[in-house]
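Trainee: missing the sequence, but the structure's below:
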(Lines give C-alpha, C1' and ligand atoms only; values in the text may rest on other atoms or scores of the structure.)
Protein backbone atom coordinates (compact mmCIF):
# COMPACT_ATOMS: atom_id res chain seq x y z
CA UNK A 1 0.00 0.00 0.00
CA UNK A 2 1.19 3.48 -0.89
CA UNK A 3 -1.09 5.33 1.59
CA UNK A 4 1.59 5.48 4.27
CA UNK A 5 4.51 6.07 1.90
CA UNK A 6 5.82 9.45 0.81
CA UNK A 7 4.82 9.22 -2.83
CA UNK A 8 2.95 12.42 -3.74
CA UNK A 9 5.04 15.43 -4.81
CA UNK A 10 3.87 18.83 -3.58
CA UNK A 11 6.47 20.88 -5.41
CA UNK A 12 9.14 20.73 -2.72
CA UNK A 13 8.85 17.31 -1.05
CA UNK A 14 7.05 13.98 -1.13
CA UNK A 15 4.07 13.52 1.19
CA UNK A 16 2.10 10.49 2.37
CA UNK A 17 -1.36 10.16 0.75
CA UNK A 18 -2.98 9.69 4.17
CA UNK A 19 -1.84 13.19 5.16
CA UNK A 20 -3.63 14.78 2.18
CA UNK A 21 -7.27 15.62 1.43
CA UNK A 22 -8.99 16.80 -1.74
CA UNK A 23 -10.50 19.61 0.33
CA UNK A 24 -8.81 21.05 3.42
CA UNK A 25 -8.76 24.54 4.95
CA UNK A 26 -5.70 23.49 6.99
CA UNK A 27 -2.19 23.56 5.54
CA UNK A 28 0.01 21.97 8.18
CA UNK A 29 2.56 20.08 6.15
CA UNK A 30 3.78 17.43 6.64
CA UNK A 31 1.03 16.49 9.09
CA UNK A 32 -2.09 17.52 7.13
CA UNK A 33 -2.60 19.52 3.97
CA UNK A 34 -4.66 19.83 0.78
CA UNK A 35 -3.81 17.90 -2.40
CA UNK A 36 -1.74 20.25 -4.62
CA UNK A 37 -3.83 22.14 -7.17
CA UNK A 38 -1.97 20.65 -10.16
CA UNK A 39 -3.00 17.17 -8.97
CA UNK A 40 -6.65 17.97 -8.34
CA UNK A 41 -7.55 16.70 -11.83
CA UNK A 42 -6.25 13.29 -10.70
CA UNK A 43 -8.38 13.19 -7.56
CA UNK A 44 -9.90 9.77 -8.39
CA UNK A 45 -6.44 8.27 -8.62
CA UNK A 46 -5.37 10.15 -5.50
CA UNK A 47 -8.28 8.72 -3.53
CA UNK A 48 -7.31 5.21 -4.62
CA UNK A 49 -3.82 5.90 -3.30
CA UNK A 50 -5.25 6.84 0.11
CA UNK A 51 -5.90 10.57 -0.20
CA UNK A 52 -9.09 11.53 1.68
CA UNK A 53 -11.97 13.59 0.38
CA UNK A 54 -12.01 15.48 3.73
CA UNK A 55 -10.19 15.03 7.01
CA UNK A 56 -12.21 13.48 9.85
CA UNK A 57 -11.97 14.30 13.54
CA UNK A 58 -9.62 11.35 14.08
CA UNK A 59 -7.18 12.74 11.49
CA UNK A 60 -6.92 16.07 13.30
CA UNK A 61 -6.51 14.35 16.69
CA UNK A 62 -3.75 12.13 15.28
CA UNK A 63 -1.92 15.12 13.75
CA UNK A 64 -2.04 16.96 17.08
CA UNK A 65 -0.61 13.87 18.78
CA UNK A 66 2.32 13.84 16.34
CA UNK A 67 2.85 17.54 16.95
CA UNK A 68 2.93 16.90 20.69
CA UNK A 69 5.47 14.09 20.27
CA UNK A 70 7.76 16.31 18.22
CA UNK A 71 7.58 19.33 20.54
CA UNK A 72 7.03 17.64 23.92
CA UNK A 73 6.99 20.49 26.48
CA UNK A 74 8.38 23.18 24.18
CA UNK A 75 6.16 26.10 23.11
CA UNK A 76 4.97 25.97 19.51
CA UNK A 77 6.18 28.46 16.95
CA UNK A 78 3.75 31.15 15.82
CA UNK A 79 2.94 29.19 12.65
CA UNK A 80 2.45 25.86 14.41
CA UNK A 81 0.40 27.49 17.15
CA UNK A 82 -1.95 28.88 14.53
CA UNK A 83 -2.13 25.46 12.81
CA UNK A 84 -2.73 23.59 16.07
CA UNK A 85 -5.63 25.90 17.00
CA UNK A 86 -7.07 25.45 13.53
CA UNK A 87 -6.85 21.66 13.84
CA UNK A 88 -8.51 21.69 17.26
CA UNK A 89 -11.37 23.81 15.90
CA UNK A 90 -11.80 21.65 12.79
CA UNK A 91 -11.81 18.48 14.90
CA UNK A 92 -15.00 19.70 16.58
CA UNK A 93 -16.67 20.69 13.31
CA UNK A 94 -16.14 17.74 10.98
CA UNK A 95 -17.51 14.23 10.81
CA UNK A 96 -16.31 11.84 13.47
CA UNK A 97 -16.66 11.22 17.20
CA UNK A 98 -14.06 12.63 19.58
CA UNK A 99 -15.42 10.66 22.54
CA UNK A 100 -12.63 8.07 22.44
CA UNK A 101 -9.95 10.42 21.12
CA UNK A 102 -7.18 12.11 23.08
CA UNK A 103 -7.07 15.68 21.78
CA UNK A 104 -4.01 17.82 22.44
CA UNK A 105 -4.64 21.53 22.70
CA UNK A 106 -2.30 24.49 23.26
CA UNK A 107 -2.30 26.25 26.61
CA UNK A 108 -1.97 30.03 27.04
CA UNK A 109 1.81 29.69 26.59
CA UNK A 110 1.55 27.67 23.39
CA UNK A 111 2.48 24.30 24.94
CA UNK A 112 0.36 21.30 23.92
CA UNK A 113 -1.49 19.36 26.65
CA UNK A 114 -4.11 16.67 26.85
CA UNK A 115 -7.36 18.68 26.70
CA UNK A 116 -8.58 16.94 29.87
CA UNK A 117 -5.80 18.72 31.78
CA UNK A 118 -6.80 22.20 30.62
CA UNK A 119 -9.31 24.72 31.93
CA UNK A 120 -11.25 27.34 30.00
CA UNK A 121 -11.01 30.77 31.61
CA UNK A 122 -14.60 31.97 31.86
CA UNK A 123 -14.06 33.92 35.10
CA UNK A 124 -11.69 36.78 34.36
CA UNK A 125 -12.52 38.49 37.66
CA UNK A 126 -10.73 35.71 39.53
CA UNK A 127 -7.39 36.90 38.08
CA UNK A 128 -7.92 40.40 39.40
CA UNK A 129 -8.87 39.12 42.84
CA UNK A 130 -6.04 36.56 42.95
CA UNK A 131 -8.49 33.71 43.56
CA UNK A 132 -7.01 31.10 41.21
CA UNK A 133 -5.07 28.35 42.97
CA UNK A 134 -1.69 27.24 41.59
CA UNK A 135 -1.51 24.37 39.12
CA UNK A 136 -4.40 25.35 36.85
CA UNK A 137 -3.52 25.27 33.15
CA UNK A 138 -5.61 27.50 30.91
CA UNK A 139 -6.26 26.65 27.28
CA UNK A 140 -5.16 29.20 24.68
CA UNK A 141 -7.44 32.27 24.66
CA UNK A 142 -8.13 31.78 20.94
CA UNK A 143 -10.01 28.58 21.77
CA UNK A 144 -13.72 29.37 22.23
CA UNK A 145 -15.86 27.80 24.95
CA UNK A 146 -17.97 26.09 22.28
CA UNK A 147 -14.84 24.30 21.04
CA UNK A 148 -13.32 23.76 24.49
CA UNK A 149 -16.45 22.09 25.88
CA UNK A 150 -16.53 19.62 22.97
CA UNK A 151 -13.01 18.34 23.63
CA UNK A 152 -13.47 17.90 27.36
CA UNK A 153 -12.01 21.14 28.69
CA UNK A 154 -13.65 22.19 31.95
CA UNK A 155 -14.72 25.75 32.69
CA UNK A 156 -12.90 27.64 35.43
CA UNK A 157 -16.22 28.32 37.19
CA UNK A 158 -17.10 24.64 37.47
CA UNK A 159 -13.49 23.73 38.30
CA UNK A 160 -13.56 26.08 41.28
CA UNK A 161 -16.76 24.41 42.50
CA UNK A 162 -15.03 21.04 42.10
CA UNK A 163 -16.66 18.12 43.86
CA UNK A 164 -19.06 20.42 45.68
CA UNK A 165 -21.67 20.55 42.92
CA UNK A 166 -24.09 17.80 41.90
CA UNK A 167 -26.82 17.70 39.30
CA UNK A 168 -30.48 17.71 40.31
CA UNK A 169 -32.42 15.00 38.50
CA UNK A 170 -36.04 15.37 37.51
CA UNK A 171 -37.27 12.18 39.13
CA UNK A 172 -39.45 9.48 37.67
CA UNK A 173 -42.57 11.65 37.65
CA UNK A 174 -41.65 13.24 34.34
CA UNK A 175 -41.70 9.90 32.55
CA UNK A 176 -39.79 8.99 29.43
CA UNK A 177 -41.67 10.99 26.82
CA UNK A 178 -42.87 14.18 28.48
CA UNK A 179 -40.53 17.12 28.96
CA UNK A 180 -40.18 18.79 32.33
CA UNK A 181 -41.50 22.08 30.93
CA UNK A 182 -44.63 20.33 29.64
CA UNK A 183 -45.19 18.68 33.02
CA UNK A 184 -44.82 21.99 34.85
CA UNK A 185 -47.05 23.74 32.34
CA UNK A 186 -49.79 21.20 33.08
CA UNK A 187 -49.37 21.77 36.82
CA UNK A 188 -49.67 25.54 36.36
CA UNK A 189 -52.93 25.03 34.51
CA UNK A 190 -54.28 23.18 37.58
CA UNK A 191 -53.01 25.71 40.11
CA UNK A 192 -54.61 29.15 39.71
CA UNK A 193 -52.24 32.09 40.01
CA UNK A 194 -52.85 34.23 43.07
CA UNK A 195 -52.32 34.29 46.84
CA UNK A 196 -52.55 30.49 46.84
CA UNK A 197 -48.87 30.45 45.82
CA UNK A 198 -47.96 31.91 49.20
CA UNK A 199 -50.41 29.66 51.04
CA UNK A 200 -48.54 26.70 49.51
CA UNK A 201 -45.24 28.03 50.86
CA UNK A 202 -46.85 28.63 54.27
CA UNK A 203 -48.14 25.06 54.26
CA UNK A 204 -44.66 23.75 53.39
CA UNK A 205 -43.09 25.80 56.20
CA UNK A 206 -45.61 24.48 58.71
CA UNK A 207 -45.14 20.89 57.57
CA UNK A 208 -41.37 21.33 57.94
CA UNK A 209 -41.82 22.36 61.57
CA UNK A 210 -40.93 26.04 61.14
CA UNK A 211 -42.21 28.56 63.66
CA UNK A 212 -41.86 31.61 61.43
CA UNK A 213 -42.18 32.52 57.76
CA UNK A 214 -41.05 35.75 56.12
CA UNK A 215 -41.77 37.11 52.64
CA UNK A 216 -39.47 39.69 51.06
CA UNK A 217 -40.58 41.78 48.10
CA UNK A 218 -37.25 42.75 46.54
CA UNK A 219 -36.84 45.39 43.85
CA UNK A 220 -33.08 45.36 44.32
CA UNK A 221 -30.74 44.72 41.39
CA UNK A 222 -27.51 42.90 42.05
CA UNK A 223 -24.11 42.97 40.30
CA UNK A 224 -23.65 40.56 37.40
CA UNK A 225 -19.93 39.94 36.97
CA UNK A 226 -18.93 36.98 39.16
CA UNK A 227 -21.71 34.53 38.27
CA UNK A 228 -21.82 30.77 37.77
CA UNK A 229 -22.83 31.42 34.15
CA UNK A 230 -23.21 34.69 32.26
CA UNK A 231 -26.84 33.90 31.38
CA UNK A 232 -27.70 34.05 35.08
CA UNK A 233 -27.35 37.84 34.94
CA UNK A 234 -31.05 37.87 33.93
CA UNK A 235 -31.85 36.51 37.41
CA UNK A 236 -30.15 39.28 39.37
CA UNK A 237 -33.11 41.66 39.35
CA UNK A 238 -36.44 41.90 41.23
CA UNK A 239 -37.42 38.78 43.14
CA UNK A 240 -39.66 37.34 45.83
CA UNK A 241 -37.95 35.69 48.80
CA UNK A 242 -39.57 33.29 51.26
CA UNK A 243 -37.76 32.40 54.48
CA UNK A 244 -38.58 30.02 57.28
CA UNK A 245 -36.56 29.13 60.36
CA UNK A 246 -36.40 25.36 59.82
CA UNK A 247 -33.48 23.76 57.97
CA UNK A 248 -33.97 21.28 55.13
CA UNK A 249 -33.18 17.65 55.83
CA UNK A 250 -31.33 15.69 53.08
CA UNK A 251 -34.55 14.36 51.54
CA UNK A 252 -36.21 17.76 51.19
CA UNK A 253 -34.06 18.83 48.23
CA UNK A 254 -34.95 15.62 46.42
CA UNK A 255 -38.63 16.05 47.23
CA UNK A 256 -38.66 19.45 45.51
CA UNK A 257 -37.15 17.90 42.38
CA UNK A 258 -39.60 14.98 42.25
CA UNK A 259 -42.56 16.76 40.69
CA UNK A 260 -45.85 15.06 41.48
CA UNK A 261 -44.34 12.46 43.81
CA UNK A 262 -45.82 13.58 47.11
CA UNK A 263 -43.52 12.72 49.99
CA UNK A 264 -46.01 13.96 52.60
CA UNK A 265 -48.93 11.64 51.96
CA UNK A 266 -47.34 9.03 54.24
CA UNK A 267 -47.38 11.49 57.15
CA UNK A 268 -50.62 11.74 59.08
CA UNK A 269 -50.21 15.34 60.24
CA UNK A 270 -48.73 17.04 57.20
CA UNK A 271 -51.11 19.13 55.12
CA UNK A 272 -49.36 18.58 51.78
CA UNK A 273 -49.98 15.44 49.81
CA UNK A 274 -49.53 15.69 46.09
CA UNK A 275 -45.97 16.97 45.76
CA UNK A 276 -47.21 19.66 43.39
CA UNK A 277 -47.68 22.75 45.56
CA UNK A 278 -44.14 24.11 45.42
CA UNK A 279 -44.29 24.15 41.64
CA UNK A 280 -46.98 26.84 41.77
CA UNK A 281 -44.02 29.26 42.09
CA UNK A 282 -43.38 28.76 38.36
CA UNK A 283 -46.29 31.15 37.85
CA UNK A 284 -43.84 33.92 38.75
CA UNK A 285 -40.36 32.56 37.99
CA UNK A 286 -38.49 30.31 35.57
CA UNK A 287 -35.51 29.64 37.87
CA UNK A 288 -36.37 29.13 41.55
CA UNK A 289 -33.53 28.64 44.01
CA UNK A 290 -33.17 27.72 47.66
CA UNK A 291 -30.47 27.90 50.34
CA UNK A 292 -30.57 25.70 53.42
CA UNK A 293 -27.83 24.28 55.60
CA UNK A 294 -24.61 23.99 53.58
CA UNK A 295 -26.31 23.81 50.19
CA UNK A 296 -27.73 26.03 47.47
CA UNK A 297 -29.96 24.62 44.73
CA UNK A 298 -30.91 26.23 41.43
CA UNK A 299 -33.74 24.69 39.39
CA UNK A 300 -33.65 25.38 35.64
CA UNK A 301 -36.41 23.53 33.72
CA UNK A 302 -35.42 25.24 30.45
CA UNK A 303 -31.72 24.31 30.96
CA UNK A 304 -30.83 27.80 29.70
CA UNK A 305 -29.33 29.40 32.77
CA UNK A 306 -27.62 26.95 35.13
CA UNK A 307 -24.18 25.56 34.15
CA UNK A 308 -24.19 21.98 32.85
CA UNK A 309 -27.99 21.71 33.08
CA UNK A 310 -29.60 19.20 30.74
CA UNK A 311 -33.16 17.88 30.31
CA UNK A 312 -32.57 14.88 32.58
CA UNK A 313 -30.80 17.01 35.21
CA UNK A 314 -32.29 20.53 35.04
CA UNK A 315 -30.54 22.04 38.01
CA UNK A 316 -27.54 21.95 40.32
CA UNK A 317 -26.95 21.56 44.03
CA UNK A 318 -23.86 23.29 45.39
CA UNK A 319 -22.25 22.85 48.78
CA UNK A 320 -21.51 26.56 49.02
CA UNK A 321 -19.62 26.20 52.30
CA UNK A 322 -17.03 23.66 51.11
CA UNK A 323 -16.77 25.29 47.68
CA UNK A 324 -16.09 28.76 49.15
CA UNK A 325 -18.75 29.85 46.66
CA UNK A 326 -19.13 33.35 48.09
CA UNK A 327 -15.40 33.99 47.68
CA UNK A 328 -15.26 32.85 44.05
CA UNK A 329 -18.75 33.92 42.90
CA UNK A 330 -19.57 36.86 45.13
CA UNK A 331 -22.16 38.43 42.82
CA UNK A 332 -24.01 35.13 42.37
CA UNK A 333 -24.47 34.51 46.08
CA UNK A 334 -24.81 38.08 47.36
CA UNK A 335 -28.63 38.06 46.87
CA UNK A 336 -28.93 35.28 49.47
CA UNK A 337 -27.24 37.18 52.28
CA UNK A 338 -30.42 37.94 54.21
CA UNK A 339 -31.63 36.97 57.69
CA UNK A 340 -28.24 35.85 59.02
CA UNK A 341 -27.49 33.80 55.92
CA UNK A 342 -23.89 34.79 55.08
CA UNK A 343 -23.12 31.97 52.57
CA UNK A 344 -19.88 31.17 54.41
CA UNK A 345 -21.24 28.82 57.07
CA UNK A 346 -24.20 26.51 57.44
CA UNK A 347 -27.51 28.41 57.36
CA UNK A 348 -29.89 27.37 60.14
CA UNK A 349 -33.00 28.04 58.11
CA UNK A 350 -34.37 27.90 54.56
CA UNK A 351 -34.41 30.79 52.10
CA UNK A 352 -36.15 30.56 48.72
CA UNK A 353 -35.50 33.11 45.99
CA UNK A 354 -37.82 33.50 43.00
CA UNK A 355 -36.47 35.95 40.37
CA UNK A 356 -39.50 37.41 38.62
CA UNK A 357 -40.04 36.42 35.00
CA UNK A 358 -39.09 39.43 32.89
CA UNK A 359 -40.74 40.60 29.69
CA UNK A 360 -37.71 39.39 27.73
CA UNK A 361 -37.68 35.98 29.41
CA UNK A 362 -41.41 35.55 28.81
CA UNK A 363 -40.78 35.63 25.04
CA UNK A 364 -38.85 32.36 25.32
CA UNK A 365 -40.44 30.73 28.37
CA UNK A 366 -42.15 27.39 27.81
CA UNK A 367 -43.93 27.70 31.16
CA UNK A 368 -45.74 31.03 30.79
CA UNK A 369 -45.69 33.62 28.06
CA UNK A 370 -46.60 36.50 30.40
CA UNK A 371 -44.22 38.72 32.32
CA UNK A 372 -44.62 38.66 36.10
CA UNK A 373 -44.49 42.29 37.17
CA UNK A 374 -43.67 43.50 40.66
CA UNK A 375 -47.07 45.22 40.80
CA UNK A 376 -48.80 41.90 40.14
CA UNK A 377 -46.78 40.17 42.87
CA UNK A 378 -47.52 42.92 45.36
CA UNK A 379 -51.26 42.56 44.73
CA UNK A 380 -51.07 38.78 45.31
CA UNK A 381 -49.13 39.29 48.54
CA UNK A 382 -51.63 41.90 49.71
CA UNK A 383 -54.44 39.40 49.14
CA UNK A 384 -52.43 36.82 51.08
CA UNK A 385 -51.92 39.27 53.97
CA UNK A 386 -55.65 39.96 54.12
CA UNK A 387 -56.29 36.25 54.80
CA UNK A 388 -53.44 35.71 57.25
CA UNK A 389 -55.45 36.44 60.38
CA UNK A 390 -57.40 33.24 59.84
CA UNK A 391 -54.82 31.34 57.79
CA UNK A 392 -52.58 30.69 60.79
CA UNK A 393 -55.37 29.54 63.13
CA UNK A 394 -54.99 25.80 62.50
CA UNK A 395 -51.28 25.67 61.70
CA UNK A 396 -49.42 23.36 64.07
CA UNK A 397 -46.05 25.10 64.05
CA UNK A 398 -45.94 28.49 62.30
CA UNK A 399 -47.04 31.28 64.65
CA UNK A 400 -45.58 34.37 62.92
CA UNK A 401 -45.71 35.53 59.30
CA UNK A 402 -43.97 38.77 58.25
CA UNK A 403 -43.69 40.72 55.00
CA UNK A 404 -40.66 42.87 54.16
CA UNK A 405 -39.47 45.05 51.29
CA UNK A 406 -35.93 45.36 49.91
CA UNK A 407 -34.96 48.24 47.64
CA UNK A 408 -31.67 49.21 45.98
CA UNK A 409 -30.54 51.43 48.85
CA UNK A 410 -31.48 48.94 51.59
CA UNK A 411 -28.80 46.79 53.20
CA UNK A 412 -31.36 44.52 54.84
CA UNK A 413 -35.11 43.93 54.39
CA UNK A 414 -37.49 46.51 55.88
CA UNK A 415 -40.43 45.18 57.89
CA UNK A 416 -43.92 46.12 56.64
CA UNK A 417 -46.47 43.62 58.03
CA UNK A 418 -46.49 41.10 60.89
CA UNK A 419 -49.25 38.66 61.80
CA UNK A 420 -48.61 36.55 64.91
CA UNK A 421 -50.49 33.98 66.96
CA UNK A 422 -50.36 33.42 70.71
CA UNK A 423 -52.00 30.25 72.03
CA UNK A 424 -53.32 29.64 75.55
CA UNK A 425 -54.84 26.36 76.71
CA UNK A 426 -58.37 26.62 78.07
CA UNK A 427 -59.58 24.81 81.18
CA UNK A 428 -58.09 21.35 81.55
CA UNK A 429 -57.36 21.10 77.85
CA UNK A 430 -54.20 19.36 76.73
CA UNK A 431 -51.71 20.34 74.06
CA UNK A 432 -52.23 20.17 70.32
CA UNK A 433 -53.76 16.85 69.21
CA UNK A 434 -50.70 15.86 67.20
CA UNK A 435 -48.52 16.25 70.30
CA UNK A 436 -50.95 14.10 72.30
CA UNK A 437 -50.72 11.29 69.76
CA UNK A 438 -47.08 11.43 68.69
CA UNK A 439 -44.33 10.19 70.99
CA UNK A 440 -41.49 12.47 72.12
CA UNK A 441 -38.86 12.82 69.40
CA UNK A 442 -41.14 11.61 66.60
CA UNK A 443 -41.20 13.87 63.55
CA UNK A 444 -43.92 12.01 61.70
CA UNK A 445 -46.22 9.02 61.92
CA UNK A 446 -48.12 7.27 59.16
CA UNK A 447 -51.93 7.25 58.97
CA UNK A 448 -51.88 3.56 59.93
CA UNK A 449 -49.92 4.26 63.14
CA UNK A 450 -52.21 7.20 63.93
CA UNK A 451 -55.34 5.06 63.58
CA UNK A 452 -53.84 2.24 65.65
CA UNK A 453 -53.02 4.65 68.46
CA UNK A 454 -56.50 6.17 68.35
CA UNK A 455 -58.02 2.69 68.55
CA UNK A 456 -55.92 1.84 71.61
CA UNK A 457 -56.39 5.18 73.41
CA UNK A 458 -58.63 5.11 76.53
CA UNK A 459 -60.36 8.24 75.20
CA UNK A 460 -60.13 10.19 72.00
CA UNK A 461 -57.82 13.21 72.26
CA UNK A 462 -59.18 16.73 72.05
CA UNK A 463 -57.98 20.26 72.72
CA UNK A 464 -59.50 23.68 73.28
CA UNK A 465 -57.36 26.81 73.10
CA UNK A 466 -57.69 30.54 72.93
CA UNK A 467 -55.78 32.10 70.03
CA UNK A 468 -54.88 35.76 70.08
CA UNK A 469 -54.05 37.07 66.60
CA UNK A 470 -52.02 40.30 66.38
CA UNK A 471 -51.80 42.17 63.06
CA UNK A 472 -49.34 45.05 62.70
CA UNK A 473 -48.40 47.39 59.85
CA UNK A 474 -45.08 49.25 59.86
CA UNK A 475 -43.96 52.52 58.31
CA UNK A 476 -40.41 53.86 58.69
CA UNK A 477 -39.68 51.19 61.26
CA UNK A 478 -42.62 52.07 63.51
CA UNK A 479 -46.03 50.48 63.96
CA UNK A 480 -48.53 52.54 61.98
CA UNK A 481 -51.60 50.36 62.51
CA UNK A 482 -52.47 47.33 64.62
CA UNK A 483 -55.45 45.11 65.35
CA UNK A 484 -56.20 42.12 67.55
CA UNK A 485 -58.75 39.35 67.57
CA UNK A 486 -59.55 36.58 70.02
CA UNK A 487 -60.53 33.10 68.89
CA UNK A 488 -61.59 29.87 70.54
CA UNK A 489 -60.28 26.88 68.60
CA UNK A 490 -61.49 23.37 69.45
CA UNK A 491 -60.18 20.18 67.86
CA UNK A 492 -60.96 16.51 68.44
CA UNK A 493 -60.35 13.06 67.01
CA UNK A 494 -63.31 11.09 65.70
CA UNK A 495 -65.43 8.32 67.17
CA UNK A 496 -65.03 4.55 66.95
CA UNK A 497 -67.09 4.48 63.79
CA UNK A 498 -64.95 7.05 61.94
CA UNK A 499 -61.69 5.43 63.07
CA UNK A 500 -62.84 2.02 61.85
CA UNK A 501 -64.06 3.52 58.57
CA UNK A 502 -60.65 5.12 58.02
CA UNK A 503 -58.83 1.89 58.85
CA UNK A 504 -60.98 -0.03 56.37
CA UNK A 505 -59.71 2.21 53.55
CA UNK A 506 -56.00 2.12 54.39
CA UNK A 507 -55.33 -0.01 51.31
CA UNK A 508 -56.10 3.03 49.17
CA UNK A 509 -52.78 4.82 49.57
CA UNK A 510 -53.85 7.79 47.48
CA UNK A 511 -56.53 8.59 50.07
CA UNK A 512 -55.63 9.93 53.48
CA UNK A 513 -58.65 9.60 55.73
CA UNK A 514 -57.67 11.22 59.03
CA UNK A 515 -60.57 11.42 61.54
CA UNK A 516 -59.52 14.69 63.15
CA UNK A 517 -61.37 17.98 62.82
CA UNK A 518 -61.90 21.31 64.49
CA UNK A 519 -63.79 24.59 64.57
CA UNK A 520 -62.75 28.18 65.28
CA UNK A 521 -65.02 30.98 66.47
CA UNK A 522 -64.09 34.64 66.74
CA UNK A 523 -65.12 35.90 70.18
CA UNK A 524 -63.76 39.45 69.96
CA UNK A 525 -62.02 41.77 67.52
CA UNK A 526 -60.60 45.28 67.68
CA UNK A 527 -61.95 45.87 64.17
CA UNK A 528 -65.61 47.02 64.22
CA UNK A 529 -68.05 44.33 63.09
CA UNK A 530 -69.72 46.75 60.68
CA UNK A 531 -66.46 46.96 58.76
CA UNK A 532 -65.82 43.25 58.88
CA UNK A 533 -69.01 42.02 57.34
CA UNK A 534 -69.05 38.23 57.14
CA UNK A 535 -65.32 37.53 56.81
CA UNK A 536 -65.12 35.26 59.88
CA UNK A 537 -68.04 33.06 58.88
CA UNK A 538 -68.59 30.08 56.63
CA UNK A 539 -64.94 29.34 55.85
CA UNK A 540 -63.71 25.79 55.32
CA UNK A 541 -60.11 24.84 56.03
CA UNK A 542 -57.90 21.87 55.36
CA UNK A 543 -55.05 23.18 57.49
CA UNK A 544 -55.22 26.30 55.31
CA UNK A 545 -58.26 28.10 53.86
CA UNK A 546 -60.17 26.61 50.96
CA UNK A 547 -62.09 28.77 48.46
CA UNK A 548 -65.48 27.43 49.51
CA UNK A 549 -68.15 28.19 52.10
CA UNK A 550 -69.89 25.96 54.63
CA UNK A 551 -72.75 28.31 55.51
CA UNK A 552 -71.86 27.95 59.21
CA UNK A 553 -71.09 30.81 61.61
CA UNK A 554 -67.70 29.28 62.44
CA UNK A 555 -64.59 28.18 60.58
CA UNK A 556 -64.48 24.41 60.04
CA UNK A 557 -61.15 22.58 59.68
CA UNK A 558 -60.89 18.95 58.60
CA UNK A 559 -58.77 16.45 56.69
CA UNK A 560 -60.97 16.82 53.63
CA UNK A 561 -60.07 14.82 50.55
CA UNK A 562 -59.14 17.55 48.11
CA UNK A 563 -58.70 17.91 44.40
CA UNK A 564 -55.09 17.82 43.23
CA UNK A 565 -54.72 21.61 43.27
CA UNK A 566 -56.20 21.94 46.81
CA UNK A 567 -58.83 24.31 45.45
CA UNK A 568 -61.91 22.20 46.24
CA UNK A 569 -63.20 19.20 48.14
CA UNK A 570 -63.04 16.00 46.10
CA UNK A 571 -66.53 14.63 45.52
CA UNK A 572 -66.93 10.95 44.62
CA UNK A 573 -70.02 11.30 42.45
CA UNK A 574 -69.44 9.79 39.04
CA UNK A 575 -65.93 8.64 39.90
CA UNK A 576 -64.64 5.08 39.82
CA UNK A 577 -62.21 3.09 41.91
CA UNK A 578 -60.93 4.92 44.99
CA UNK A 579 -62.91 8.03 44.04
CA UNK A 580 -66.15 6.28 45.01
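Mentor: Now that the structure is in, tell me what you want to look at. Worth saying up front: this structure is predicted, and the values here are computed from it rather than measured.

Trainee: low-confidence ranges in the protein?
Mentor: 1, 128-129, 168-178, 258-276, 431, 507-512, 528-537, 563-580 (pLDDT under 70).

Trainee: top strand in it by residue count?
Mentor: strand 478-493 (DSSP state E).

Trainee: Quick check: the gap between residue 517 and residue 434.
Mentor: Using Cβ to Cβ, to the nearest Å, one gets 13 Å for the distance from residue 517 to residue 434. In this view, the C-beta of every residue, glycine as well, is placed from N, C-alpha and C.

Trainee: Which parts of the stretch 351-500 of the chain are strands?
Mentor: Secondary structure of the stretch 351-500 of the chain (DSSP state E, counting those that start in this stretch): strands at 400-406, 414-425, 462-475, 478-493.

Trainee: Report the buried residues of the longest one.
Mentor: Read that as strand 478-493. 485, 487, 489, 490, 491, 492, 493 (16 or more other Cβ atoms under 10 Å).

Trainee: Repeat that for the third one.
Mentor: Buried residues in strand 462-475, defined by neighbour count with 16+ other Cβ under 10 Å: 463, 464, 465, 467, 469, 470, 471, 472, 473, 474.

Trainee: How about stretch 84-103?
Mentor: Within stretch 84-103, the residues that count as buried by 16+ other Cβ under 10 Å are 84, 85, 86, 87, 88, 89, 90, 91, 92, 98, 101, 103.

Trainee: Just the ones of these in helices?
Mentor: 84, 85, 86, 87, 88, 89, 90, 91 (DSSP state H).

Trainee: Tell me the one among the buried residues of stretch 84-103 nearest to residue 16.
Mentor: Sorting the buried residues of stretch 84-103 by how near they are to residue 16, with Cβ to Cβ, puts residue 87 at the top with 16.8 Å.

Trainee: tell me the contacts of the closest residue to residue 2 other than its chain neighbours?
Mentor: Spatial nearest neighbour of residue 2, chain neighbours left out: residue 49 (5.2 Å); criterion: Cβ to Cβ, 6 or more residues apart in numbering. By Cβ atoms under 8 Å, 6 or more residues apart in numbering, the contact set of residue 49 is 2, 3, 7, 8, 17.

Trainee: which of the residues you listed sit farthest apart?
Mentor: Maximum distance among these (Cβ to Cβ): 10.3 Å, for 3 and 8.

Trainee: Give me the common contacts of the two.
Mentor: Contacts common to residue 3 and residue 8, judged by Cβ under 8 Å, 6+ apart, are 16, 17, 49.

Trainee: Contact partners for the nearest residue to residue 162 once chain neighbours are set aside?
Mentor: Nearest residue to residue 162, sequence neighbours excluded (Cβ to Cβ, 6+ apart): residue 323, at 6.6 Å. Residue 323 sits next to 160, 161, 162, 164, 165 when contact means Cβ under 8 Å, 6+ apart.

Trainee: Looking at these, which one is closest to residue 559?
Mentor: residue 165 (40.3 Å).

Trainee: Distance check, the closest one against residue 558.
Mentor: Residue 165 sits 44 Å away from residue 558, going by Cβ to Cβ.

Trainee: and the nearest residue to residue 482 once chain neighbours are set aside, bridged to which residues?
Mentor: Using Cβ to Cβ, 6+ apart and skipping the chain neighbours, the partner closest in space to residue 482 is residue 472 (4.7 Å). Going by DSSP bridges, residue 472 is paired in beta bridges with residue 418, residue 482.

Trainee: okay, now the closest residue to residue 165 other than its chain neighbours: neighbour count?
Mentor: Sequence neighbours aside, residue 318 is the residue nearest to residue 165 in space, at 4.8 Å (criterion: Cβ to Cβ, 6+ apart). By other Cβ atoms under 10 Å, 22 other residues sit near residue 318.
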